[in-house]
Each structure stands twice: as C-alpha cells, then as structure tokens.
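**Q** this one's sequence-less:
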C-alpha cells in the first residue's frame, strides 16, 4: 500500500501561534490543499495524517477542541470526495520527550503496526517544516 503521510496544521489547514488556537473554532483549508489531496488520491496513494498536537498537553486547547477541529476538517474533506485513511496525533508537550512527536518516527511506526501493508519505499511525507 502506498501512503502519503501529511501533516495537518500548516499543510492541510491553517496554523496559528500556539496561544491563538484556544479561540479557533473552525478549520480553514490552506490554498491548494484540496487539489493536492485529490491529486494524491488519483495517483493511488492512501492518505494518513500525522500531526503534533503538543498544544493539548501544554494547555492551549482541550482534547475535545482538537477532535472538534479535526472532525470538521474530515467532514469538509468528505464533501470534496477526499477520504482520509487514518489520523495519528501526538498530544505530548515538547518537554515530555515523546517518541511519537515529529520529527521522531513514532506515529509512522504506529501506522505501520495498524496497516502492515504500508510500503514505505513507495510512500512519502508532506509537511510545512523540517521539525513539523
């Protein structure tokens, strides 16, 4: 299985300074994100989102706020006929030293455990920074 691993904030939807996330109620899709996702699917890739969400453990948003924004994003993508295979997120703060926080590979390892048919040689990752 070919997979496109995509970051969420700053790649699919707009990103904001950490403290501003507290007041964000609706995701805003990045310009070009919808068309890019459609092209990725046309080329035979499954889409898995892997996203650092340290703002949860750092107290900027609640887990419910994270899920609300994510569900709105997923519903918006479904309206565009874009299906997301799965989402993996890391809620740990930067200070926790978590193995899943990018650029570590923990979330990709979780995806491979859940979907053992993923072929990493035929897969790729898109994000908005080297440290995502």
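**A** Perfect, thanks for sending it. Remember, predicted model here, so these are calculated numbers, not experimental data. Numbers count the residues shown, from 1 in each chain.
**Q** How about residue 122: what's its closest non-neighbour residue?
**A** The shortest distance from residue 122 to any residue other than its chain neighbours is 4.4 Å, reached at residue 2 (CB to CB, 6 or more residues apart in numbering). Where you see a C-beta, it was placed from the backbone N, CA and C, and this is true even at glycine.
**Q** What number of residues are in the vicinity of the one you found?
**A** The local packing of residue 2 (other CB atoms under 10 Å) involves 16 other residues.
**Q** surely it meets residue 119?
**A** Yes: in this structure residue 2 lies within contact range of residue 119 using CB atoms under 8 Å: 6.3 Å.
**Q** Tell me which residues touch residue 127, please.
**A** Residue 127 sits next to 6, 7, 10, 11, 102 when contact means CB atoms under 8 Å, 6 or more residues apart in numbering.
**Q** now those residues as TSV including distance to residue 73 and neighbour count?
**A** As requested, these are exported to TSV (distance: CB to CB, whole Å; neighbours: other CB atoms under 10 Å):
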residue	distance to residue 73	neighbour count
6	11	24
7	12	20
10	13	15
11	11	20
102	18	21
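**Q** Pass me the low-pLDDT residue ranges in this structure, would you?
**A** Within the chain, the stretches with pLDDT under 70 are 130-132.
**Q** How about residues contacting stretch 17-30?
**A** 10-14, 16, 55, 58, 60-61, 65, 68-69, 72-73, 76.
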